[in-house]
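> Pasting a predicted model and its sequence here:
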Amino acid sequence: MAERPVRSMLDKASVDRLAERLKGKTLTPEDTRYDTELSGFNLIARHRPALVVAALTTDDVAAAVSFAAGLGLPVSVQATGHGIAAPATGGVLISTRRMNAVVVDPVTRTAYVEAGARWHQVIESAGRHGLAPLNGSSPLVGVVGYTLGGGLGPLGRRYGFAADHVVRAEIVTADGAVRYAGADAHPDLFWALRGGKGNFGVVTGLWFRLMPVRRLYGGGLYFPGEQSARVLDTWSRWTATVPEEMTSSLALLRLPDVPDVPDFLRGRLAAHIRIAFTGTAQEGERLVRPLRAAGSALLDSVAEMPYTAVARIHQDVTHPLPYHERNIVLRELGAAATGELLRVAGPASGCGDTMVEVRHTGGALGRPADVPNAVGARDGAYILSTLSPPGGRDQVLRAMEPWGTGRRYLNFLAGPDTATATAECFDAPTLARLARVKAAYDPENTFRHHHNIAPRP
Ligand SMILES: Cc1cc2nc3c(=O)[nH]c(=O)nc-3n(C[C@H](O)[C@H](O)[C@H](O)COP(=O)(O)OP(=O)(O)OC[C@H]3O[C@@H](n4cnc5c(N)ncnc54)[C@H](O)[C@@H]3O)c2cc1C
């Protein structure tokens with residue numbers, strides 16, 4: 001859909017009238033706080049909307065959506081900026097960073113979060129009751145954006161995607177209405193937004209189940225890059241033998257030679273195996289033994305740990321930086337596939353990616369949710385993702401295509417050149433159904449400035 005000129009539509013009087021209805025604020029590009037409000041984690045692109053609504057309440061979000069829809073303007077949403085696709089230009093951006101309430105109910109084992117909450121808040125609150133959410137590798141990521149895109153984390157093979165455990169959503173749809181979607185309320189919308197991400201409205205509140213997990217046997221095994229071949233081969237064979245209680249991944253890291261990277265990883269290739277096992281430490285130690293024997297670890301942090309320390313497993317970077325993220329779902333990772341992966345990303349490859357990570361999926365990640373949803377990427381055994389600096393190419397993904405299922409995982413796409421990959425995240429019937437739900441709830445494609453699913457009757 002072609003963008004309409006917006007400058008003339010956003011006259012000061014109409015913006016002032018909107019501002020009067022808000023508990024939060026409006027910010028235009030002339031405002032000194034505009035840039036700060038738009039700052040986010042991934043610096044690969046910057047949103048440049050005509051108007052920012054820094055929302056405080058669901059009513060603020062509804063007012064902003066009604067305002068934009070009335071003028072035919074696109075609406076985008078930013079919580080943390082971890083998941084930017086194409087930059088939002090010209091329309092209205094709703095900044096949810098101040099809507100960050102989190103309430104944990106230990107009796108029903110559920111959590112409620114507002115639109116801007118981050119995972120570390122839920123991990124801490126749930127942890128006080130011996131419970132855990134299905135967060136991902138970084139506790140700084142936004143709960144809502146992550147969950148709507150699927151949500152693949154360290155408990156994934158045991159419990160499935162985060163989206164599989166959503167019980168209710170409060171959502172402002174393109175007509176400005178506040179709706180509640182659940183198994184028996186707007187079931188089509190409920191199906192679509194769990195996996196179809198921000199295409200159906202702005203989710204202002206989310207209720208989801210927590211898991212009875214208070215501890216893990218987990219951490220990381222870091223090996224020198226020269227040992228990648230043996231480590232990758234051992235890990236890939238090992239994944240075929242482990243129970244669903246074991247979720248793991250292997251990352252080939254090429255971290256820069258800068259002070260905030262630990263000495264032993266700085267400016268060199270390392271193979272990092274990430275382990276999260278919900279069974280006993282004794283059983284975990286037995287399962288991890290072959291991995292420990294695969295090389296001489298630079299660091300071995302795999303041990304009994306409280307779930308609240310889950311960030312230690314992946315040790316994701318915490319400061320903003322520019323990068324592309326792309327991925328491919330893999331059917332298998334046998335000898336031919338690992339050989340090719342080493343050729344394009346191993347020690348002698350000259351690969352420019354900061355990280356090439358293979359996550360072991362399957363288990364509960366391969367089964368449909370109790371209340372089915374739109375999450376794609378269930379059909380493979382692994383998801384391989386690459387993080388590359390600006391200008392980086394996707395030669396690793398191209399080389400791995402012979403082992404791909406043809407699918408991609410929506411949450412592991414970031415950067416403007418990934419906006420068109422959305423269709424590859426779903427099989428044809430799922431994509432067609434998503435487009436029909438989109439046509440019902442957002443016929444004008446108001447929510448289009450991200451990984452967009454176009455409406456189709
Ligand atoms: C360091 C890092 C680690 C990550 N680890 C994992 C991981 O382990 N597993 C995994 O699955 N993903 C992971 N991701 C990807 C992450 O889940 C996505 O980037 C997600 O979109 C981030 O959401 P956000 O709200 O934090 O980001 P934002 O950039 O603020 O939002 C991204 C998009 O999410 C949608 N969105 C956000 N809020 C709302 C809302 N209230 N209503 C409707 N739509 C909304 C919109 O489409 C928006 O454009 C990781 C990303 C990073 C950078």
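It's in. Numbering: from 1, shown residues only.
> Near the ligand, which residues of this protein are found?
40-41, 77-84, 96, 115, 136-138, 141-142, 144-146, 148-153, 197-198, 202-203, 316, 411, 414, 450 (CB under 6 Å from any ligand atom). Just so you know, the C-beta spots here come from the backbone N, C-alpha and C atoms, and that holds for glycine as well.
> just the buried members of these?
40-41, 77-84, 96, 115, 136-138, 141-142, 144-146, 148-153, 197-198, 202-203, 411, 414, 450 (16 or more other CB atoms under 10 Å).
> Which members of these are positioned in helices?
Within those, residues falling in helices by DSSP state H are 144-146, 148.
> Any chance of JSON lines for the residues you listed, columns pLDDT and distance to residue 432?
Shown next, in JSON lines, are these (pLDDT from 0 to 100; distance: CB to CB, whole Å):
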{"residue": "144", "pLDDT": "98", "distance to residue 432": "25"}
{"residue": "145", "pLDDT": "98", "distance to residue 432": "24"}
{"residue": "146", "pLDDT": "98", "distance to residue 432": "25"}
{"residue": "148", "pLDDT": "98", "distance to residue 432": "19"}
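> and residue 184, how many residues sit next to it?
The local packing of residue 184 (other CB atoms under 10 Å) involves 8 other residues.
> Now do the contacts for residue 150.
161-163, 195, 375-377, 409-411 (CB atoms under 8 Å, 6 or more residues apart in numbering).
> And the residues you listed, which is closest to the ligand?
Of all those, the ligand sits closest to residue 411, with 3.6 Å by CB to the nearest ligand atom.
> How about the contacts made by the closest one?
Contacts of residue 411 by CB under 8 Å, 6+ apart are 83, 136, 146, 149-152.
> mind checking pLDDT for it?
Note on residue 411: pLDDT of 98.
> Please apply the same query to residue 457.
Model confidence at residue 457, expressed as pLDDT, equals 85.
> ok, it touching residue 432?
No. The pair formed by residue 457 and residue 432 falls short of the contact definition of CB atoms under 8 Å, at 10.5 Å.
> neighbour-wise, which of the two wins?
Neighbours were counted for residue 457 and for residue 432 using other CB under 10 Å; residue 432 has more, 11 against 8.
> now what about stretch 163-172, what contacts it?
58, 61-62, 65, 110, 134, 147-151, 159, 178-183, 185, 189-190, 193-195, 200-209, 364, 369-370, 373, 375.
> got it, and stretch 120-135?
Around stretch 120-135, the neighbours that count as contacts under CB under 8 Å, 6+ apart are 100, 102-104, 106, 109, 111, 113, 119, 139-141, 143, 146, 151, 153-156, 159-162, 165, 208, 210-214, 306-308, 310-311.
> Please point out which parts of it sit buried.
Within stretch 120-135, the residues that qualify as buried are 120-123, 125-127, 131-135, counting by 16+ other CB under 10 Å.
> Now tabulate those in a markdown table and tack on pLDDT and secondary structure.
Formatted as a markdown table, the buried residues of stretch 120-135 follow (pLDDT from 0 to 100; DSSP: H, G, I helix; E, B strand; the rest coil):
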| residue | pLDDT | secondary structure |
| --- | --- | --- |
| 120 | 98 | helix |
| 121 | 98 | helix |
| 122 | 98 | helix |
| 123 | 98 | helix |
| 125 | 98 | helix |
| 126 | 98 | helix |
| 127 | 98 | helix |
| 131 | 98 | coil |
| 132 | 98 | strand |
| 133 | 99 | coil |
| 134 | 99 | coil |
| 135 | 98 | coil |
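> Buried subset of the contacts of stretch 120-135, written for ChimeraX?
Buried residues among the contacts of stretch 120-135 (16+ other CB under 10 Å), as a ChimeraX selection:
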select :100,102,104,111,113,119,139,141,143,146,151,153,154,155,156,159,160,161,162,165,208,210,211,213,307,308,310,311
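> Surely residue 191 touches residue 369?
No. Applying CB under 8 Å, one finds residue 191 not in contact with residue 369, separated by 9.5 Å.
> My guess is residue 338 contacts residue 230. True?
No. Contact between residue 338 and residue 230 fails when scored by CB under 8 Å: they sit 10.5 Å apart.
> quick one: which of these two has more around it?
Of the pair residue 338 and residue 230, residue 338 is the one with more neighbours under other CB under 10 Å, namely 22 against 14.
> Now stretch 398-406: buried residues?
Within stretch 398-406, the residues that qualify as buried are 399-400, 403-405, counting by 16+ other CB under 10 Å.
> ok, of those residues, which one's closest to the ligand?
Among those, and counting by CB to the nearest ligand atom, the member closest to the ligand is residue 405, at 17.3 Å.
> what residues are up against the closest one?
329-331, 379-380.
> just the strands in the stretch 1-150 of the chain please.
Ranges of strands in the stretch 1-150 of the chain, per DSSP state E, counting those that start in this stretch, are 25-27, 51-54, 75-78, 92-95, 102-105, 110-114.
> Including mean pLDDT, could the ones you listed go into a markdown table?
Shown next, in a markdown table, are those (pLDDT from 0 to 100):
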| stretch | mean pLDDT |
| --- | --- |
| strand 25-27 | 97 |
| strand 51-54 | 98 |
| strand 75-78 | 98 |
| strand 92-95 | 98 |
| strand 102-105 | 98 |
| strand 110-114 | 98 |
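> Please name whichever of the ones you listed is nearest to residue 424.
strand 75-78 (21.7 Å; CB to CB).
> what residues does the closest one touch?
Residues outside strand 75-78 that contact it (CB under 8 Å, 6+ apart): 38, 40, 47, 49, 64-65, 68-69, 84, 88, 91-97, 115, 174, 198, 202, 446-447, 449-450.
> now stretch 279-295
Taking CB under 8 Å, 6+ apart as the rule, stretch 279-295 contacts 217-218, 221, 223-224, 227, 230-231, 234-235, 238, 242-243, 245-246, 271, 273, 275, 277, 300, 302-304.
> my hunch is that residue 372 is in a helix, does that hold up?
No. Counting by DSSP: H, G, I helix; E, B strand; the rest coil, one finds residue 372 to be coil, located in no helix.
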